[in-house]
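Sequence first, then the predicted structure:
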Amino acid sequence: MDPILDCHWRDQDGGWALTVGLNGTDWELFAAGPQWSESLPFAGPDEVRRLAQALLDLPADPEPYECAWRLARKGRAAAGEQHGRYATLTVGLDPADDHRPYLAYRSFHDPGHTTGPGFEVICEDPPVDHLRAQAHAFLTNCPGPRPRWP
């Protein structure tokens, strides 16, 4: 996967990452922690453009800000039952923590009869300037509309 938005950090448990890139013909989010990783596709390149724009629009001043995406991958289990994996990716400023920037990923698994929690990756204090530079480069080099949040 060729990453276009890439955020890595370490804590007492080990290394973590949230990475967006083109995997073949699909845009995917890769979430990784010290003992687990998973990836889910975006609905298309326009959703990745929305993410890039949301990073560029991240306010410098403390104010309410949150943008979210729902990612999904559906399939069939070995027994033929439908199952799926879903996740939410959020970019925002945390009003409960002095409007500190964050990136959050939370997945859920649905084996067909119930939904259970999956994997969670939260980056507090992401490298905002670095992410903005990556987002700007992506929007400059990836053709298509540049969506603005309403």
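Okay, I see it.

List the residue ranges of the protein that fall below the pLDDT cut-off.
Residue ranges of the chain with pLDDT under 70: 1-3, 75-83, 111-114, 143-150.

what are the ranges of the helices in it?
Using DSSP state H, the helices of the chain run over 45-56, 128-141.

Please produce TSV containing those, extended by distance to residue 91.
Every residue, glycine included, has its C-beta placed from N, CA and C. Formatted as TSV, the helices of the chain follow (distance: least, CB to CB, whole Å):
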stretch	distance to residue 91
helix 45-56	5
helix 128-141	9
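
Out of the ones you listed, which one sits most buried?
Across the helices of the chain, averaging neighbours per residue (mean count of other CB atoms under 10 Å) puts helix 45-56 on top, at a mean of 20.

Give the other helices and strands that that one contacts.
Packing contacts for helix 45-56, counted by 3 or more CB pairs under 8 Å, 6 or more residues apart in numbering; DSSP states H and E, involve strand 2-11, strand 26-32, strand 65-76, strand 82-94, helix 128-141.

Can you list the buried residues in the second one?
If you call a residue buried by 16 or more other CB atoms under 10 Å, then strand 26-32 has these buried ones: 27-32.

Which of the residues you listed sits closest to residue 50?
Taking CB to CB as the measure, residue 50 lies nearest residue 27 of these, at 11.2 Å.

Report the beta-bridge partners for the closest one.
On the basis of DSSP bridges, residue 27 is bridged to residue 22.

residue contacts, it?
By CB atoms under 8 Å, 6 or more residues apart in numbering, the contact list for residue 27 reads 20-21, 41-42, 44-45, 47-48.

Show me which pair in the residues you listed is furthest apart.
The widest separation within these (CB to CB) is 14.3 Å, between 21 and 44.

So for those two, which sits in the more crowded spot?
Per other CB atoms under 10 Å, whichever of residue 21 and residue 44 has more neighbours is residue 21, with 17 against 11.

Surely that one touches residue 4?
Yes - between residue 21 and residue 4 there is a contact under CB atoms under 8 Å: 5.7 Å.
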